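In: The sequence and its predicted three-dimensional model are supplied below.
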Amino acid sequence: MDSSTSTSDEKYEMGYQPSPSSVDQTDNSTAGYSVMSVESFAYYRSNSGASAFSEHTDDNSCSEIASPISWQGLKSPTRIALSRLGMRQLNHGMDEEVMDLELELMKERFSKLLLGQDMSGGGKGVSSAVTISNAITNLYASIFGQHQRLEPLQFDKKMMWRREMNCLLSVCDYIVEFSPSLQHLKDGTTIEVMSSRPRSDIYINLPALRKLDAILLDILESFQETEFWYAEQGSISAKSTRSGSFRKIVQPQPQRKEEKWWLPVPCLSPDGLSEKSKKHLRQKRDRANQIHKAAMAINSSILAEMQIPESYMASLPKSGKASVGDTIYRHMYSAEKFSPDHLLDSLNLSSDLEALELADKVEASMYTWRRKMGMTHSKSSWDMVKDLMSDIDRTDKNHILAERAETLLFCLKQRYPELSQTTLDTSKIHYNKDVGQAVLESYSRVLEGLAFNIVAWIDDVLFVDKNLKNQE
């Protein structure tokens with residue numbers, strides 16, 4: 001056995017595994033006192049049994065430590081790296097050091113949550129609900145922001161996602177509601193007591209979201225060995241199997257209307273995909289599409305349950321007709337059988353930005369007409385409007401217009417699934433004080449985005465294969 005093999009064996013016997021970010025880096029630190037980088041620390045924590053954010057693993061994984069005397073025959077830089085590791089293990093103990101780092105991370109997160117991200121401590125921070133919503137959104141961006149291909153998520157990032165999400169979702173374990181229940185005592189007496197149970201919306205939606213999360217990661221994991229690969233857009237030569245820019249070819253597709261030059265381009269051999277590979281891609285696409293619809297439904301239901309801010313209601317126009325314009329208003333009011341699809345076709349929206357502007361106008365007009373429905377009953381409070389919804393005259397003009405505006409808004413969101421949040425949705429999230437709703441809304445939103453991306457990536461590969469077949 002040669003020296004390189006023995007060196008590798010000794011390193012892994014000790015439980016030492018280099019992080020992916022440190023493989024090609026030059027080590028200029030002093031032996032025995034170097035500080036672990038952020039990437040290196042994150043990678044090691046994912047394998048540590050002492051992590052406070054992850055499930056407990058084998059406590060004896062790093063218990064056997066070789067003596068530094070046996071390292072004298074090793075050459076640099078391996079000897080330096082192992083010496084540095086050994087110094088930390090002997091002087092401080094690796095488990096204690098990792099525990100200290102995890103504890104500091106917990107302190108930082110807890111402090112930011114209490115301060116509402118206001119580091120001055122002046123009480124000008126956002127609410128706890130907004131803080132945890134931003135934390136979930138930022139975690140998703142850091143893990144999946146650069147993941148733009150049909151391939152498994154890196155192991156350290158996957159472990160970080162699960163560990164950090166378990167930490168952020170743990171707050172839902174303490175959000176409960178009380179209900180009366182009967183308790184039987186030993187003497188046969190029956191008494192009524194108040195027992196706690198998870199709040200109904202969390203009890204129903206959180207396990208479903210966890211399941212959708214696991215399925216999406218499994219879908220990415222299934223693309224370990226593929227018949228396609230990726231290349232950066234600028235690296236494709238004119239002699240490639242495809243002519244021209246792929247992003248321009250797929251421009252007519254709804255999810256690729258704009259030229260996204262920064263996305264990698266899928267490439268295939270001249271023979272294209274095999275039937276087995278195409279079947280696998282279609283199956284995963286259907287599954288991801290179902291997850292996208294499920295996550296979108298959960299997100300919509302949570303947003304609908306959030307309280308409408310008073311600032312939004314105060315900003316509504318006095319007339320719904322002035323909000324949507326004469327053309328849309330005339331089509332919505334005069335037509336005996338309202339067809340939202342026909343109306344959207346006649347508007348000929350050319351971009352997602354125009355669709356978002358229309359969504360804001362339609363939504364504002366919908367709540368304007370609903371507010372007028374409350375005024376006809378001499379009620380000015382929005383809460384009273386919700387209470388009287390079941391008693392509204394179905395032939396009332398404002399009721400008809402509000403229902404049709406709601407239908408038009410729903411069809412608009414279905415036609416543009418990548419549509420950004422409307423002004424009302426953003427306002428609800430910003431002023432929301434319910435931590436449980438904040439967790440469910442942000443979690444479902446990021447899963448909805450990931451599922452949509454997976455469907456788009458699969459469509460890209462299938463489109464390239466179809467284009468190759470047409471060229472033949």
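Out: Alright, I've got the coordinates. Numbers count the residues shown, from 1 in each chain.
In: helices or strands next to whatever helix or strand Pro266 lives in in the packing?
Out: In this assignment (DSSP states H and E), Pro266 forms part of strand 265-268. On a contact count with 3 or more C-beta pairs under 8 Å, 6 or more residues apart in numbering; DSSP states H and E, strand 265-268 meets strand 228-231, helix 246-249, helix 435-471. In this view, the C-beta of every residue, glycine as well, is placed from N, C-alpha and C.
In: Can you point out the buried residues in the last one?
Out: Residues 435-465, 467-468 are the ones in helix 435-471 that count as buried (16 or more other C-beta atoms under 10 Å).
In: contacting residues around Arg404?
Out: Arg404 sits next to 332, 338, 340 when contact means C-beta atoms under 8 Å, 6 or more residues apart in numbering.
In: Can you flag which of those belong to helices?
Out: Among the contacts of Arg404, the residues falling in helices (DSSP state H) are 332, 340.
In: Who wins on neighbours among the contacts of Arg404?
Out: Within the contacts of Arg404, Met332 tops the neighbour count with 23 neighbours, counted by other C-beta atoms under 10 Å.
In: Could you report the separation of the closest residue in space to that residue that isn't next to it in sequence from Ala214?
Out: Closest residue to Met332 apart from its sequence neighbours, by C-beta to C-beta, 6 or more residues apart in numbering: Arg404 at 4.9 Å. Per C-beta to C-beta, to the nearest Å, Arg404 is found 40 Å from Ala214.
In: Then Gly125?
Out: Applying C-beta to C-beta, the value for Gly125 to Ala214 is 33 Å.
In: So these two - more neighbours on which side?
Out: Between Gly125 and Ala214, Gly125 has the larger neighbour count (other C-beta under 10 Å), namely 18 against 11.
In: what sits against that one?
Out: 115-118, 131.
In: Ile136 sits in which helix or strand?
Out: Using DSSP H and E, Ile136 sits in helix 128-144.
In: Give the other helices and strands that that helix contacts.
Out: Under the contact definition 3+ C-beta pairs under 8 Å, 6+ apart, helix 128-144 sits against helix 94-115, helix 155-169, helix 423-431, helix 435-471.
In: repeat that for 7 Å
Out: Counting by 3 or more C-beta pairs under 7 Å, 6 or more residues apart in numbering; DSSP states H and E, the packing neighbours recorded for helix 128-144 are helix 94-115, helix 155-169, helix 435-471.
In: now the last one and helix 94-115, what's the angle there?
Out: Interaxial angle of helix 435-471 relative to helix 94-115 (axes from the mean of the first three to the mean of the last three C-alpha atoms, to 10 degrees): 110 degrees.
In: residue ranges with poor pLDDT in this structure?
Out: Counting by pLDDT under 70, the chain shows low-confidence ranges at 1-95, 98, 117, 123, 233-261, 375-395, 472.
In: can you give me the strands for it?
Out: For the chain, the strands defined by DSSP state E occupy 176-184, 190-198, 228-231, 265-268.
In: Next, format the contacts of Arg404 as TSV and append distance to Lys276.
Out: Shown next, in TSV, are the contacts of Arg404 (distance: C-beta to C-beta, whole Å):
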residue	distance to Lys276
Met332	50
Phe338	47
Pro340	41
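In: Out of the contacts of Arg404, the closest to Lys279 would be?
Out: Distance to Lys279 across those (C-beta to C-beta) is lowest for Pro340, with 35.6 Å.
In: Please report how far that closest one lies from Met332.
Out: Distance from Pro340 to Met332, by C-beta to C-beta: 9 Å.
In: what's the answer for Phe223, then?
Out: Where Met332 is concerned, Phe223 sits at a distance of 45 Å (C-beta to C-beta).
In: And Thr131, by the same measure?
Out: For Thr131, the distance to Met332 (C-beta to C-beta) stands at 40 Å.
In: Other residues contacting stretch 131-145?
Out: 112-113, 116-117, 157, 160-161, 164-165, 168, 171, 429, 435, 438-439, 441-443, 446, 450 (C-beta atoms under 7 Å, 6 or more residues apart in numbering).
In: let's see 6 Å
Out: Identification of contacts with stretch 131-145 by C-beta atoms under 6 Å, 6 or more residues apart in numbering yields 113, 116-117, 157, 161, 164, 168, 438, 442-443, 446.
In: circling back: let me have the helices and strands packed on helix 128-144 in CSV, extended by distance to Pro417.
Out: Below are those laid out as CSV (distance: least, C-beta to C-beta, whole Å):
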stretch, distance to Pro417
helix 94-115, 32
helix 155-169, 23
helix 435-471, 6
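In: wait, which of the ones you listed is closest to Leu316?
Out: Nearest to Leu316, of these and by C-beta to C-beta, is helix 435-471 at 22.6 Å.
In: From the contact counts, what lies against that closest one?
Out: helix 128-144, helix 200-221, strand 265-268, helix 275-305 (3 or more C-beta pairs under 6 Å, 6 or more residues apart in numbering; DSSP states H and E).
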